[in-house]
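1. Using only what follows, build the 3D model:
(one chain, ligands or ions: 1)
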Amino acid sequence: MHPLLEELHSYHHDLCTSIAQLRKLLARFKDGSCDDAGRRELFELLASLHGDAEARHHRNEELIRLQLLATRAPLHQRVLEIERDHQGFARIAGQLAALEQSGHTPEEIASVVEDYLRHYHDHMDSEENIFFPMADEWLDDQHWQVVRQQWQH
Ligand SMILES: [Fe+2]
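-> Numbers count the residues shown, from 1 in each chain. From the prediction side, this is the model:
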């Protein structure tokens, strides 16, 4: 796989660790055993899921997606949906941050966050199983050069 795709892949891998931690905290949210420290940790983890690194990651993926659109690759519906996902996640980020100060119950917060994680997981799945392999197959050196010129580390 192209080294830039490997880089995106390893970012996903690191995210999965945070998501696993989040799921543990959510379980405690739901059974009522979550204290204030757990609550803080949950919102810190959520914030880390949509910080600067996340925005850069999505921009880098978009660079590749645009190059892929310029090829004759038969585009899969799920690849077309990736852009919409990226825009959606940016919007949801603000809503998730606002949850902390909202009057929602822990169960309500847990269900919103779980919903988000489910979407996020599906999104990564489409990227890893459909989008990245297609990019690897269809982009040539010239495409990758364009991507690399705008890539943000
Ligand atoms: Fe991604």
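2. how near is the most centrally placed residue in the chain to residue 18?
-> Geometric centre of the chain, nearest residue: residue 120, 5.4 Å, by Cα atoms, centre = their mean. Separation of residue 120 from residue 18 (Cβ to Cβ, to the nearest Å): 10 Å. Yep, even glycine has a C-beta here, placed from its N, CA and C like the rest.
3. what helix or strand does residue 25 sit in?
-> Using DSSP states H and E, residue 25 sits within helix 3-30.
4. on contacts alone, who are the packing partners of the helix or strand just after that helix?
-> Where DSSP H and E defines the elements, the next helix or strand beyond helix 3-30 is helix 36-49. Helix 36-49 sits against helix 3-30, helix 77-99, helix 106-126, with contacts defined as 3 or more Cβ pairs under 8 Å, 6 or more residues apart in numbering; DSSP states H and E.
5. try it again with 6 Å
-> Secondary-structure packing of helix 36-49 (3 or more Cβ pairs under 6 Å, 6 or more residues apart in numbering; DSSP states H and E): helix 3-30.
6. Show me what counts as buried in the helix it packs on.
-> The neighbour-count check on helix 3-30 (16 or more other Cβ atoms under 10 Å) flags 4, 5, 8, 11, 12, 15, 19, 22, 25, 26, 28, 29 as buried.
7. Looking at those residues, spot the one nearest residue 130.
-> Ranking the buried residues of helix 3-30 by separation from residue 130, with Cβ to Cβ as the measure, puts residue 5 on top at 12.6 Å.
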